[in-house]
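> any chance you can model this:
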Amino acid sequence: MARALTALEQLVRLLREPDAALTLAAAAWPDILTAARAERLLGSLAFRLDGLALPGDVVACLNDARQDAEQGRRTALWEADRVAHALAPLGCPVILLKGTAFVAAGLAAGQGRSIGDCDILLPRHLLSRAEALLIAAGWEWVKSDPYDDFYYRRWMHELPPLIHRDRDHMLDVHHSILPLTAKAKPDADALTAAAVNLNRGLAVLSHPDMIVHAAAHLFADGDLSGGLRNLWDIHALVVEGGMQGVAERARHHGLFSAMARAMRLSHAIFGTPVPSEWRSLAGIDRLYRRRIMARDGWGRGRHPITRFAFYVRSHLIRMPIPLLLRHLWIKWRKGTAAPAPG
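Next up is the predicted model:
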């Protein structure tokens with residue numbers, strides 16, 4: 001007897017095969033929609049299922065999700081425009097990253113995409129000037145603690161996070177795509193040199209670098225929280241733009257392993273069209289898949305031991321153990337017991 005699919009597995013099935021929604025029992029929808037919302041994929045699902053004859057309450061929920069996604073898209077583009085306006089004196093394009101980049105470039109990965117902070121990439125030598133321009137234009141530092149400020153500036157791949165005092169929107173200013181303490185050392189100059197100009201002072205990473213960045217963000221810089229959404233980004237980018245140049249750029253940035261794992265898992269979960277060498281999971285890939293799919297129909301995390309193991313891993317890959325122990329000791333002494341910033 002076949003095992004019943006979990007809510008997250010049903011969500012994956014609908015993203016892959018929208019017409020499968022027509023055969024779903026009404027009782028299955030609450031768990032699927034809850035899981036989609038928890039994974040920040042509800043907007044993406046809404047676009048995939050648009051126009052299908054579904055139960056009325058499901059249609060209403062998906063319509064709301066599409067409207068929310070459209071509002072998020074407009075807000076993200078306006079915020080990007082304001083950032084570019086503030087940084088115009090730098091004389092170089094502001095390179096958008098992640099969700100804002102997808103919607104600004106009109107990519108399929110941006111359809112229904114949940115967008116949080118505005119993430120940008122600038123050459124490192126321009127950061128001091130960029131700071132001054134942004135503060136003059138109304139952005140303020142989120143973190144007031146001197147140690148956190150020092151940590152970001154000394155070890156991270158971005159400035160301490162900023163928030164606009166009037167619009168209450170967060171801004172992350174990157175000078176690379178991985179912390180300086182990470183083992184992989186992406187070529188930030190190559191990222192900026194290959195960026196594709198849009199208009200009004202904005203740019204996005206090249207298509208291969210977008211995929212490499214998504215893989216790095218997923219596997220080399222975190223605990224895989226939100227991993228399914230990030231893997232859907234990769235799937236959408238590959239389906240729309242193909243794989244040409246991706247392996248070469250991944251090797252150049254020292255991220256071939258992360259990129260290859262992303263391709264294997266994206267193919268296994270979403271059926272992404274990848275080269276034949278990435279169509280079978282390696283041994284440890286199954287543990288990554290277990291972590292990515294660790295969500296129940298109530299939106300709660302499953303497999304707590306697996307999730308904790310990846311939480312520990314996320315810190316170990318971000319910095320050498322002596323530096324990590326020093327950082328955690330300082331945070332403990334300060335009474336915050338907080339994880340690494342970023």
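
> just the C-alpha atoms of the helix or strand hosting residue 32, please, in CSV.
According to DSSP states H and E, residue 32 maps onto helix 29-38. Below are the C-alpha coordinates for helix 29-38, written out as CSV (Å, rounded to 0.1, in the frame of the first residue of the first chain):
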residue,chain,number,x,y,z
TRP,A,29,-6.2,21.8,0.9
PRO,A,30,-5.9,23.3,4.4
ASP,A,31,-2.6,21.4,5.1
ILE,A,32,-1.2,22.2,1.7
LEU,A,33,-1.9,25.9,1.9
THR,A,34,-0.6,26.0,5.5
ALA,A,35,2.6,24.3,4.4
ALA,A,36,2.9,26.6,1.4
ARG,A,37,2.5,29.7,3.6
ALA,A,38,5.1,28.4,6.1
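
> name the residues that touch the helix or strand just after it?
Downstream of helix 29-38, the next assigned helix or strand under DSSP H and E is helix 42-48. Residues outside helix 42-48 that contact it (CB atoms under 8 Å, 6 or more residues apart in numbering) are 11, 14-15, 18, 33, 36, 61-63, 65-66, 68-69, 72, 111-114, 229, 232. Backbone N, C-alpha and C define where each C-beta goes, glycine included.

> from those residues, list just the buried residues.
11, 14-15, 18, 33, 36, 61-62, 65-66, 69, 72, 111-114, 229, 232 (16 or more other CB atoms under 10 Å).

> three-state assignment of residue 120?
strand (DSSP: H, G, I helix; E, B strand; the rest coil).

> spatially central, which residue of the chain would that be?
When CA atoms, centre = their mean is applied to the chain, the residue found nearest the centroid is residue 230 (5.0 Å).

> report the contact partners of residue 300.
residue 38.

> so what's the residue count around the closest residue to residue 241 other than its chain neighbours?
Distances taken as CB to CB, 6 or more residues apart in numbering put residue 207 closest to residue 241, at 4.5 Å, once the chain neighbours are dropped. Counted with other CB atoms under 10 Å, residues neighbouring residue 207 total 22.

> how about the one 3 residues further on?
Residue neighbour count, defined by other CB under 10 Å, stands at 25 for residue 210.

> so what's it closest to, chain neighbours aside?
The nearest residue in space to residue 210 (CB to CB, 6+ apart) is residue 237, at 5.8 Å.

> pull the number of nearby residues for the one you found.
Residue 237 has 24 neighbours, counted by other CB under 10 Å.

> how about it, secondary structure?
helix.

> counting contacts, what elements does the longest helix belonging to the chain pack onto?
Using DSSP state H, we find that the single longest helix of the chain is helix 56-86. Secondary-structure packing of helix 56-86 (3 or more CB pairs under 8 Å, 6 or more residues apart in numbering; DSSP states H and E): helix 29-38, helix 42-48, strand 94-96, helix 98-104, strand 118-121, helix 127-136, strand 202-204.

> now it: how far from the chain's centre is it?
17 Å (CA atoms, centre = their mean, to the nearest Å).

> now do that helix, average pLDDT.
The average of the pLDDT scores along helix 56-86 is 97.

> likewise stretch 226-235?
pLDDT averaged over stretch 226-235 gives 93.

> just stretch 137-146 next, same as before
Averaged across stretch 137-146, pLDDT comes to 85.

> so what would you say the end-to-end distance of that stretch is?
Stretch 137-146 has an end-to-end distance of 23 Å (CA to CA, to the nearest Å).

> so where's the stretch 151-300 of the chain uncertain?
For the stretch 151-300 of the chain, applying pLDDT under 70 flags the ranges 220-222, 297-299.
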